[in-house]
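[1] Here's a sequence, model it:
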Amino acid sequence: MNRERGIVIELLADCILGEMRKNRIKILLAEHEISARDLADQIGRQAQTLRRYVRHEAEPKLEVAEAIAEALGCTVDEVLGVEGVS
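    Next up, the predicted model:
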């Protein structure tokens, strides 16, 4: 019973944190006036993959977030939508 409860708590936490922290790639693309395709080309990824991040269908792995941050001249925290982290 305790193991099942722990799993449920983990799933709830993941759902809550997922809603609170969404990547800001769409916003950053607009701010930098660049298309998902152009950014994908710059970081060596497929445009389709980047569009999935923009639509929040997937979240970028750290190495991809780092590449996006470098290409856009911002921090990984800004890309991932993490607030209050220094």
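
[2] Need the residue closest to the centroid of this protein.
    Asn23 (3.5 Å; C-alpha atoms, centre = their mean).

[3] can you tell me which residues contact it?
    Listed by C-beta atoms under 8 Å, 6 or more residues apart in numbering, the contact partners of Asn23 are Tyr53, His56, Glu59, Pro60, Ala65, Val79, Leu80, Gly81. Glycine gets a C-beta too; all of them are placed from N, C-alpha and C.

[4] if you set the cut-off to 7 Å instead, what comes out?
    The contact partners of Asn23, by C-beta atoms under 7 Å, 6 or more residues apart in numbering, come to Tyr53, Glu59, Pro60, Val79, Leu80, Gly81.

[5] Figure out the helix or strand that the first one lives in.
    Put plainly, it is Tyr53. When elements are assigned from DSSP states H and E, Tyr53 belongs to helix 47-54.

[6] what phi and what psi does the backbone show at Cys74?
    Dihedral pair for Cys74: phi -130, psi -170, per degrees, to the nearest 10.

[7] That one touches Leu28, doesn't it?
    Yes: here Cys74 reaches Leu28: they are 6.5 Å apart, a contact under C-beta atoms under 7 Å.

[8] Who has more neighbours out of those two?
    Ranked by neighbour count (other C-beta atoms under 10 Å), Cys74 and Leu28 place Leu28 first, with 21 against 15.

[9] which SSE is the closest residue to Ile43 other than its chain neighbours in?
    Leaving out its chain neighbours, the residue that sits closest to Ile43 by C-beta to C-beta, 6 or more residues apart in numbering is Ala67, at 4.0 Å. Using DSSP H and E, Ala67 maps to helix 62-72.
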